[in-house]
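Visitor: Just the structure for this:
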Amino acid sequence: MTKRIDSAPLAAIRLALKDQSITLQPVMNQVSALPVDADLEYYFVPADYMKFYQPYHRPGQPLKNLKLINYERPAISLSFYFKHKYKIKRDIDPQEVMRHVKEHRDSLLNKSLTSVLSIGEQKELQETDDLLRQIRDNPEAYQYCFSNYHHYYKYWYCSYRYFEDEDKTQAASGTEHLLKHTERLEGNRIERMNIIFVDPYYITRQVPQDNKLIDRELDTYPTRIRQGTITLYVRKL
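Guide: Numbers count the residues shown, from 1 in each chain. You can find the predicted model right below:
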């Protein structure tokens, strides 16, 4: 029995893409403004090469580092947009808050051992140390929440139209999010690639066819401690 793979050989695929991938341009092709993001790696591949990627097509069990956006559904038009993805966690255990603040305080202390802190960092270290003592002595005097709202993580999406019948008379549409390169807290860079299949003939011509208030809430928390990919928000009751 052949062992199923979890990751694709991106280096080898990039070599193949040098001959396979094509460039699309708004107006000249049926594509919107293209995403410009240093952490987003994507390629347009004509449907003629689709069988080459069949080993990496894993419905229900996608690969960790390669996404075939529209396998077996070559696009006749494309558009891209992004959403600001975020989450917020309330009712935090004070011990969890203490760990977050202490980690941030310790990271500044460790930095001070190898380099001179700026005036702003010295002030931040003092304020963080003071806050740590205040929360430790009187945790019930504060209200807490965790959120990645102000990290402004952009989640890119690709919407595409494709023919759903062999006669190419009926068009349907689909939407998929794109994978991005990410950085681990330890500094490791995780590379992720996206491949978008296109109909080389029709991509060149037209085919007819909530109300959130999280930013206002977080603005009521005057103290913010950013650590890693999450920020702690604190306000006095």
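Visitor: State the distance from residue 13 to residue 225.
Guide: Taking C-beta to C-beta, to the nearest Å as the measure, residue 13 falls 41 Å from residue 225. Backbone N, C-alpha and C define where each C-beta goes, glycine included.
Visitor: Repeat that for residue 167.
Guide: Residue 167 sits 60 Å away from residue 225, going by C-beta to C-beta.
Visitor: So which of those two has more stuff around it?
Guide: Neighbour count, other C-beta atoms under 10 Å: between residue 167 and residue 225, residue 225 has more, with 21 against 6.
Visitor: sec struct for the residue nearest to that one when sequence neighbours are not counted, please.
Guide: Leaving aside its sequence neighbours, residue 225 sits nearest to residue 232 (C-beta to C-beta, 6 or more residues apart in numbering; 4.4 Å). The three-state label given to residue 232 by DSSP: H, G, I helix; E, B strand; the rest coil is strand.
Visitor: partners of the biggest strand by length in the chain, with directions?
Guide: Across the chain, the strand with the greatest residue count (assigned by DSSP state E) is strand 153-163. Strand pairing for strand 153-163, using DSSP bridges, gives strand 77-85 (antiparallel), strand 171-177 (antiparallel).
Visitor: domains for this structure, by residue range?
Guide: As assigned by automatic domain parsing, the chain contains the domains 10-78+163-204, 88-147+212-236.
Visitor: Could you dump the ones you listed into TSV and include distance to residue 154?
Guide: TSV is the format used below for the domains of the chain (distance: least, C-beta to C-beta, whole Å):
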stretch	distance to residue 154
domain 10-78+163-204	7
domain 88-147+212-236	14
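Visitor: could you dump these to TSV with mean pLDDT and distance to residue 153?
Guide: Formatted as TSV, the domains of the chain follow (pLDDT from 0 to 100; distance: least, C-beta to C-beta, whole Å):
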stretch	mean pLDDT	distance to residue 153
domain 10-78+163-204	92	9
domain 88-147+212-236	88	8
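Visitor: where's the residue nearest to the spatial centre of the chain relative to residue 125, distance?
Guide: Nearest to the geometric centre of the chain sits residue 155, at 4.7 Å (C-alpha atoms, centre = their mean). From residue 155 over to residue 125 the distance is 33 Å, taken as C-beta to C-beta.
Visitor: so which of the strands paired with strand 153-163 is the most packed in?
Guide: With neighbours taken as mean count of other C-beta atoms under 10 Å, those reach their highest mean count in strand 77-85, at a mean of 16.
Visitor: For it, what is the distance to the chain centroid?
Guide: Here strand 77-85 is found 12 Å from its chain centre; the criterion is C-alpha atoms, centre = their mean, to the nearest Å.
Visitor: Just after it, pick out the following helix or strand.
Guide: Beyond strand 77-85 on the C-terminal side, the first helix or strand identified by DSSP states H and E is strand 88-90.
Visitor: returning to what we had before: would you mind writing the CA trace of the longest strand of the chain as PDB?
Guide: C-alpha atoms of strand 153-163 as PDB (Å, rounded to 0.1, in the frame of the first residue of the first chain):
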ATOM      1  CA  TYR A 153      -4.600  39.300   9.000                       C
ATOM      2  CA  LYS A 154      -5.800  39.400   5.400                       C
ATOM      3  CA  TYR A 155      -7.500  36.200   4.200                       C
ATOM      4  CA  TRP A 156      -7.400  36.200   0.400                       C
ATOM      5  CA  TYR A 157     -10.200  34.600  -1.600                       C
ATOM      6  CA  CYS A 158     -10.500  33.600  -5.300                       C
ATOM      7  CA  SER A 159     -13.900  33.600  -7.000                       C
ATOM      8  CA  TYR A 160     -14.100  31.900 -10.400                       C
ATOM      9  CA  ARG A 161     -16.600  31.000 -13.100                       C
ATOM     10  CA  TYR A 162     -16.300  27.700 -15.000                       C
ATOM     11  CA  PHE A 163     -18.300  25.600 -17.400                       C
END
